[in-house]
Structure formats: C-alpha cells, structure tokens
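Engineer: My questions are about this predicted structure, shown below with the sequence.
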Amino acid sequence: MKTGYFNKIAAFGFATALSFFMAGTASAAFECKNKQTSMAKPSGFPSRALTMIVPYGPAGGSGQIAAAMAEAVTGHSGVSINRDHKPGGSGTVGMTAYMSAPADGYTVLEHIDDASSAHALDSSRPNPAVDLIPLVISQVTFSQIYIRTNETRYNDWQSYVKWVKAQNGKSTIANVSKEGSMERVTMKFITEAAGLKIQQISFDKGAPRYGSLLGGQVDALFEQPGDVRKFLDAGKFKPILTIFNERPSVFADVPSHREMGMTFEPLLRFRGFYVHANAPADRVKWLQWAFQRGYCQDSYQKFNESKFMTVIDSYRDTAGARELIRGSIAQYRDVYKAMGLDVK
Amino acid sequence: MIDNFIAGSVALFGDPFSIGIFIFGVIGGMLFGAIPGVSMLTLAAILLPFTANFDPAQGVMLFAVIYCTGTYGGAITAILFNIPGAPENAPTSFDGYPMTRNGQSGKAVGAAVLCSAIGGVSSAVVMMAATEPLANWAISNIGPPEIFALVFFGLAVASSVGGRTIWKGWISVLCGLLIATIGQDPVGGINRYNFGFADLAAGIAFVPAILGFFAVSEIFVQAEKKAIGKFVAPELSFDFPTILELWINKIAVVRSILVGFFCGILPGIGATLAAFMGYGEAVRWSKNKEEFGKGKLEGVISSETANNAATGAAMIPLLALGLPGGAMTALMVGVFQMHDLEPGPMVFYNSPDLIWIVFSAMFYANLSILFIGLIETKTILYLLKIPFQFLAPMILLLSSIGSYIGRGLVLDVMIMFGAGIIGFLLRRSGYSIPGIVLGIILGKIGEQNFAQGMQMVHYDIVEYLSRPICLLLIVAGLLTLLTGVYRAVSFSMKD
C-alpha cells in the first residue's frame, strides 16, 4: 500500500513537472511561421462550408487532429468545415473517396504518413507530394520503446537488449506491424542494428496494444509518446529508447537510438492536410493560409501540447511538407527493396 | 461498488441530454422490440452512425438501455402475434401465443413484464459486483490466445442454435466466417476478396449486414405472409397474473436467472441460448411436461427471466474481454469503435465513468420495464394498427439511410439489400441468421486473435495448449461440436 501511495505521488510529481516544463517550452519556443494575419477570399471562395475527408475514425489520432484543426480554421477564418470520416483499409477508403471528389478546393483531406509509405510500395497509389498539395503538416513525432514501470527483468535499454538476446527469439513487442508500416520498418532497423530477434505482435487498435503491455502479455511496446501519455503520466509505462537523432529535452533521461550505436535515419510519424493538385491556384493559396494560420491558433497549440506534439518541430509548410514526404517515400522505397517486397 | 453506482446514477440523471437519451432508449427499445418486422437491432443499427455525435458514455448507455428494454419488448409480439421481436423471444411464443389464443394474453404479457424486470435487475446487480474484478483478472490472464479459444468455444455452441438442423447451423456460421475474411487481413494488412474495389478493403461493414440480414429479410418474410394471407391480428386482453400464480413459479424464476446469467456470460452465446435453455430447463424440471407448448405460464416466465438475465451478463465478456455475446452487444462494439475505444480490460482504466454510467442505466432500464412497460404496452397496440404496407417502406427507408450514413458509400446500401435477399432465402431454407451474423462478428475477432496468439506462442501448438484457459476452452468447444454431431446422427437414425 505504501509503495502504491509512493508511486502515485511520484507519478503526480512527474506529470506536474512535465506540465510546467511543457507549458514553459511551448510559450517560449512557439512562433507562428505564417505572418500573414488576414487574406481576402479569392473571388468569394469559399462561399460555403468546406468538407474535410478523414480516412480514419472520429476519435483516433487523425479524428482528433481533424477536429482540432477544423475548430482552429473556423475560429480565425469564419469558414465552417464538415468532417466526413471514411475509415477502413489503412486509409485507402478515404483516399479513394477524396481522389474522386471534385477538385474545386471545397474538399480537403487529412492524412498521415501511411499515404507516403503506400505510394512507396505501389506507385499507382496517390503521391501526397505530387497528386496532392500539402496545406500544412501540423504533427510530427518520433517513436519510443516502452516497458512497464514495475518491470523487474530489465529496466533500461541495455538490460532489455541483454534480456532479449537471452530469450533466443522468444521475446515479444506490441506494435502495428502491418506489411510495410513505419513500425515494422523501424523495428527492422532496430533489430538488425542491435542484433536482436523479437517477435512483433501486431495490434491495429491502441487499447488492446497498451493492455497487452499493461497485463504482461508482451514484453515491450513500440509507440509514439503522445499516444501513451496517460500511461506515462500515471507512471504505468516508461520509455527506454527514443528513436530520434537526439534526446528530446522532455525525455532527457532516455537514450536515443544513435547513442545506442544505431545509425539509421529515424522514420517520423506525421499528420497533415491536403488539397487536390488540380484545385484552382488562388483557392489553394487561400487554403494554405487558412490551415497554416490554423496551426498558430491557441486552441490548436493547446491540442498539440496535450499530445506531446511540441516536443520537436511539428510544423511544415507546403515546401517543407513536400520535402518530408519525398524523403520518406525514398527511404521507404529503399527499405522495401531491401526487405524483398514487391515494390511497384 | 455502491459509491460508483451512485456516481454513475448522478452522472446519468445530472445531465438533461443523458436523461433524454435514457428515456428514448427505454421507450425506443420497447417499441422496436414490439413492432413486428423490426427489432431492437434495427433501432440500434439505425442509431449507430448518429452516436458518433454523442459522448462515448451516452452512446454506449443508449445501446445498453435498448438492449435491456428491447429484449423485453420482443416478448409482446411473441405473445400476441407469435412473432418474436428477436431470436431470444422465440421460446416465449411457445406458450405465450397459445395463452393469447386462450384469451390469457394479459396474464402472459404481465408475466413477461414482471419477469423481464426481475431477471434484468438481478443480472445488473451481479454485473456491477463482478465485472470489475473479472476485468482486473482478465487483463493479466486473458490475452489473444485465450480470446481466440473463447471465440472458438462460443462459435461451437452458437452454431447449434437457430438453424433447422445442426448442419444448417454450422453452415450458417461458416458463411459468416467466410464473409468476415473480406477486406484487409487484421494483422498483415493484406487485401483479400476485394476484387480491386478499394471500398471493400475495409471489409463488409457490420451495420449494413445486420440491417440486411435482420430488418430487410424480416420485411420480405412478413410481405410474403401478407401476400398469401397468413397475416392475422389477434384478440387482446389485459388480465394480469395474480401474486399466487407468480409465487408458485418462484423456483422457475431463480433457476432462469442462474441459467440466463451463465449463458449470457459466455461470449458468442448471449440471450438467445439463455432463453432456450431457460425454457428447456423449465420443461426438464416440470412434473407436467405435457402442459408446455399449450399455454403454460411457467414457459413464459422461464424464457423471459432467462433472456433478460443474460443482458447484464453479456456485458461482462463485452466490457471485460471485448467479446460481444451476440448481435446487439456486437453493435455496441461499433459504438465503442466510433469513438476509437475498444471494449475490453482497458475500458476500466481509460473510461471508468463510462462503465458506471452504463451499469447504472442498465439497472434503471430494467426497473423501468416494470413501471413503463405496462403503460407502454397500450401505446404499442396503436402502433401495431399501422398497416404493413406503410410500415415496411418506412423501415426500408430508415435502414437504407442507416446503411449509407456510416461511411457515405452506396456500396453499403447494396450490401444491405443483398444481405436482405440472401437472409430471406436462407431463412426459408432453415439456415440461422443469428449464426451468420455471429460468424461475421466473431470471425473478425477470432482471426485477429488467432494470428496474434500464434505469434505470441511462436506458432507452437504445444505451447498454445499449455495455457490452461486455452486448453480448457478448446477441449470444451471440440466436445460441444462432437456432442452436436452425435445427437444429430442419433436423431437421423431414429427417424
């Protein structure tokens, strides 16, 4: 009972310190990159509400960012945005619906890096940097390896690696290990670099994935920090490896993969907003302004803070987004070829 | 538990919108349960897309309330018209309808009201006491290997319910399993049977399939009866059972609570088998077996107590393990998923408020059956006077909207009508619609957990069976299948 009480105090202390730190960091570091505070509507566009196609459910990461950005854009521009969720097929259903929608600027798309990896594997799928125009990428984050806080078999990356090697391939890690996914590719990098053999268990939904670690069904978890923040705040999970080129200051005690001798370039998870490449140029320009300024709104920044999305630079304008997407596609394609996948 | 229950009650009745949803659920569940040709599933499936705009607790609470009151509501039509509002009301019609024909419809309806409330409230109380400890135990002891074993056991038992023969029951479940394989595989993300259609990559959407198999096929069945002149309106009366009549059947009530709870807690079984087993046990223990089927009050009491006792119990595998016990609880999974939640052990950690609002609502919903049920039954009589030729198009329109609105795809409306036609033909041939739907639901869950479970045990069947729960459930499932085969063969040889 005393231990539980101590853990609660420790967790509260960690969460409180983290909150103060995050708030301080965000208020000191944030600067809106799009300085244009207003923009005239080109030929009256938009004269009605926009439609935002979201290829995932309403309460997942994409659903939440879509709601937050829609609120922010509406708040500063006065233009309403109706969200149309079309989940299924790892974003395929939503992307297909979007590509068949009129390219008049009234329909925008929310999507994640899955669109880039899908194009890398099959070039007949839309290229988000060519077939679409990125309005803004508003969330960029890294991944980490987590273990239970009360784990007794290992307590950091080095001891985890030692333990995994002793299991001779019997250790398990929960992630989303669908063919060609960012998670699977990154795990391939890690296992090859560290000389590990780990059985990946693919959970497509968050709750069973986190429950499998919490209940001891798996030995570790691959995830992004924003998605497991409640478990970090509650003191249930702790990160042992950050897959990023440096230690983010919030996770100053957690080593990066480079520090642990792994030299691969980390793949990032990113979410953003797009419009069809054939949309009228003046309308695209207005949408770029509206969404890039939406990123700057207090409500959106507050949302990003709550999701650990201010730990590293989460903002990319159209040019920056294209660079990120192209780089990701090239990297995925190289890895897929090395993995022996049928790259089309 | 008491503190949580009070907190849940305060949250439920402290918000006017939640109160509105609760009342809507109570009345709507009773109405849709009672109107021939539709069921609580129809209402739930139509409402599913709209719950996206609700708070998650409100959405799940609405469905839980509909589940409680709809299970009772189906008894009305089972008793009055010999049309069970849902499969779990089928045994109610065995004696309820003869009682109506004997001019005892009031006694039968009154018994259904009282016993549904007793069964439901008892079940809700046990659910509140047992679910959370079970969930805590489950998070450490139930992983994908065990969930697959549970699904296998559930399918093995459910396959024998609803079909005209065990073989047809099995074929129905297998059809459902086959349909469940359409779309991306749940682990590797590889497309299967989508024939190049991107929209099919997400698989067959559950709502259109349910609406088609249940609502649309039921309309076709009723339309056929109308066309051949077999649609007959019965005589009505309101003569309630006496206290003495109910007291005589107290053992049947207690037995049915136990049977109903046991069946409800087993994933993949739910209220349908509970009602059949409750009725069967009543016959088995009765000294006057020959009176059953001819208008015996105990038959109605046993069936209705058991099916409502299963409602609370069915929430345990749903909430503790993420496993739906039947079509209605499977629709609740849809509500969870619309809010990116997954029913299962994590719900108790992530959303304890939601759990206790739902528990409280189920308790009060079962109580309200007693108070509102008697009043509402009179209202239902007026609704039943709507001519079928007006009712049927209305239901088809609502079903079409309900199918389309989920993803905005015409394909889903086509799937609904396709499922309706297939369901109509299969029902005529004695196949089990609940079996197909359970196959679709449990097939997806089962496949995913099978793949994850095999990864966890490193594809070693010995290691898999070394997990005690897996071994127990797999053996129990196999024995169930073998027993079914033995009985079917014995029955054929006697014929």
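Structural biologist: Good, I have the coordinates. Numbering: from 1, shown residues only, chains lettered A, B, ... in the order given.
Engineer: can the helix or strand hosting B:Ser492 be found next to chain A?
Structural biologist: With secondary structure defined by DSSP states H and E, B:Ser492 is part of helix B:468-494. No. Applying CB under 8 Å from any CB of the partner chain, one finds helix B:468-494 separated from chain A by no less than 12.7 Å. Backbone N, C-alpha and C define where each C-beta goes, glycine included.
Engineer: show me the contacts for the spatially closest residue to B:Ser303 that is not a sequence neighbour.
Structural biologist: Spatial nearest neighbour of B:Ser303, chain neighbours left out: B:Pro91 (4.0 Å); criterion: CB to CB, 6 or more residues apart in numbering or on different chains. With contact set as CB atoms under 8 Å, 6 or more residues apart in numbering or on different chains, B:Pro91 has these partners: B:275-276, B:278-279, B:299, B:302-303.
Engineer: Quickly check those residues for the two that are furthest apart.
Structural biologist: Across the contacts of B:Pro91, no pair lies farther apart than B:Phe276 and B:Gly299, at 11.7 Å, counting by CB to CB.
Engineer: the more surrounded of these two?
Structural biologist: Taking other CB atoms under 10 Å in any protein chain shown, B:Phe276 and B:Gly299 do not tie; B:Gly299 has more neighbours (29 against 22).
Engineer: Listing request: residues of the stretch 101-250 of chain A with sub-threshold pLDDT.
Structural biologist: Along the stretch 101-250 of chain A, the parts satisfying pLDDT under 70 run over A:177, A:207.
Engineer: Residue of the stretch 51-200 of chain A closest to chain B, please.
Structural biologist: A:Gly88 (2.2 Å; CB to the nearest CB).
Engineer: Could you check how many residues crowd around the closest residue to that residue other than its chain neighbours?
Structural biologist: Sequence neighbours aside, B:Ala202 is the residue nearest to A:Gly88 in space, at 2.2 Å (criterion: CB to CB, 6+ apart). Applying other CB under 10 Å, we find 23 residues neighbouring B:Ala202.
Engineer: just B:Leu318 next, same as before
Structural biologist: Count around B:Leu318 with other CB under 10 Å applied: 27.
Engineer: What does the pLDDT read for the closest residue to it other than its chain neighbours?
Structural biologist: Closest residue to B:Leu318 apart from its sequence neighbours, by CB to CB, 6+ apart: B:Thr329 at 4.7 Å. The model reports B:Thr329 with a pLDDT of 77.
Engineer: where's B:Thr329, which helix or strand?
Structural biologist: Counting by DSSP H and E, B:Thr329 is found in helix B:327-338.
Engineer: For that helix, output the C-alpha coordinates as CSV.
Structural biologist: Provided in CSV are the C-alpha atoms of helix B:327-338 (Å, rounded to 0.1, in the frame of the first residue of the first chain):
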residue,chain,number,x,y,z
ALA,B,327,-25.6,-9.2,-32.4
MET,B,328,-26.7,-6.4,-30.0
THR,B,329,-23.5,-6.4,-28.0
ALA,B,330,-21.6,-6.6,-31.2
LEU,B,331,-23.3,-3.4,-32.3
MET,B,332,-22.1,-1.9,-29.0
VAL,B,333,-18.6,-2.7,-30.2
GLY,B,334,-19.4,-0.4,-33.1
VAL,B,335,-20.3,2.4,-30.7
PHE,B,336,-17.0,2.0,-28.9
GLN,B,337,-15.1,1.9,-32.2
MET,B,338,-16.8,5.0,-33.5
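Engineer: quick one: contacts of it?
Structural biologist: By CB under 8 Å, 6+ apart, helix B:327-338 touches A:57-59, B:40-41, B:44-45, B:48-49, B:51-52, B:56, B:59-60, B:62-64, B:66-67, B:70, B:206-207, B:210, B:214, B:270-271, B:314-315, B:318, B:322, B:324, B:342-343, B:347, B:434, B:437-438, B:441.
Engineer: Now with 6 Å, please.
Structural biologist: By CB atoms under 6 Å, 6 or more residues apart in numbering or on different chains, the residues outside helix B:327-338 that reach it are B:41, B:44, B:48, B:51-52, B:59-60, B:63, B:67, B:206, B:314, B:318, B:324, B:343, B:437, B:441.
Engineer: Secondary structure element holding the nearest residue to B:Val410 once chain neighbours are set aside?
Structural biologist: With sequence-adjacent residues excluded and distances taken as CB to CB, 6+ apart, B:Val410 is closest to B:Tyr404, at 7.0 Å. Taking DSSP H and E as the criterion, B:Tyr404 maps to helix B:388-407.
Engineer: how distant is the helix or strand just after that helix from the center of its chain?
Structural biologist: Downstream of helix B:388-407, the first helix or strand assigned by DSSP H and E is helix B:410-428. Relative to the chain's own centre, helix B:410-428 is displaced by 20 Å; criterion: CA atoms, centre = their mean, to the nearest Å.
Engineer: which stretches of the stretch 101-250 of chain A form helices?
Structural biologist: A:114-121, A:157-167, A:182-194, A:206-214, A:229-233 (DSSP state H, counting those that start in this stretch).
Engineer: any chance of the ones you listed in a markdown table, plus mean neighbour count and distance to chain B?
Structural biologist: A markdown table is the format used below for those (neighbours: other CB atoms under 10 Å in any protein chain shown; distance: least, CB to the nearest CB, whole Å):
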| stretch | mean neighbour count | distance to chain B |
| --- | --- | --- |
| helix A:114-121 | 25 | 10 |
| helix A:157-167 | 16 | 11 |
| helix A:182-194 | 19 | 10 |
| helix A:206-214 | 23 | 4 |
| helix A:229-233 | 18 | 7 |
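Engineer: Which among these is found nearest to B:Gly408?
Structural biologist: helix A:114-121 (19.7 Å).
Engineer: what packs against the closest one?
Structural biologist: helix A:318-339 (3 or more CB pairs under 6 Å, 6 or more residues apart in numbering or on different chains; DSSP states H and E).
Engineer: try 8 Å this time
Structural biologist: Contact partners of helix A:114-121 among helices and strands, from 3 or more CB pairs under 8 Å, 6 or more residues apart in numbering or on different chains; DSSP states H and E: helix A:92-99, helix A:182-194, helix A:318-339.
Engineer: tilt between the first one and helix A:114-121?
Structural biologist: The one in question is helix A:92-99. Using axes from the mean of the first three to the mean of the last three CA atoms, to 10 degrees, one finds that helix A:92-99 and helix A:114-121 are set 90 degrees apart in direction.
Engineer: dump the residue contacts of residue 48.
Structural biologist: Since you didn't name a chain, this refers to chain A. A:Tyr106.
Engineer: oops, chain B please
Structural biologist: Going by CB under 8 Å, 6+ apart, B:Leu48 touches B:207, B:331, B:334-335, B:338, B:402, B:406.
Engineer: Tell me how far it lies from B:His339.
Structural biologist: As judged by CB to CB, to the nearest Å, B:Leu48 and B:His339 stand 12 Å apart.
Engineer: Next: A:Thr141.
Structural biologist: 22 Å.
Engineer: again with B:Arg101
Structural biologist: 47 Å.
Engineer: can you check B:Ala476 too?
Structural biologist: On the measure of CB to CB, B:Ala476 and B:His339 end up 34 Å apart.
Engineer: Between the two, point out the one with more neighbours.
Structural biologist: B:His339 (22 against 16).
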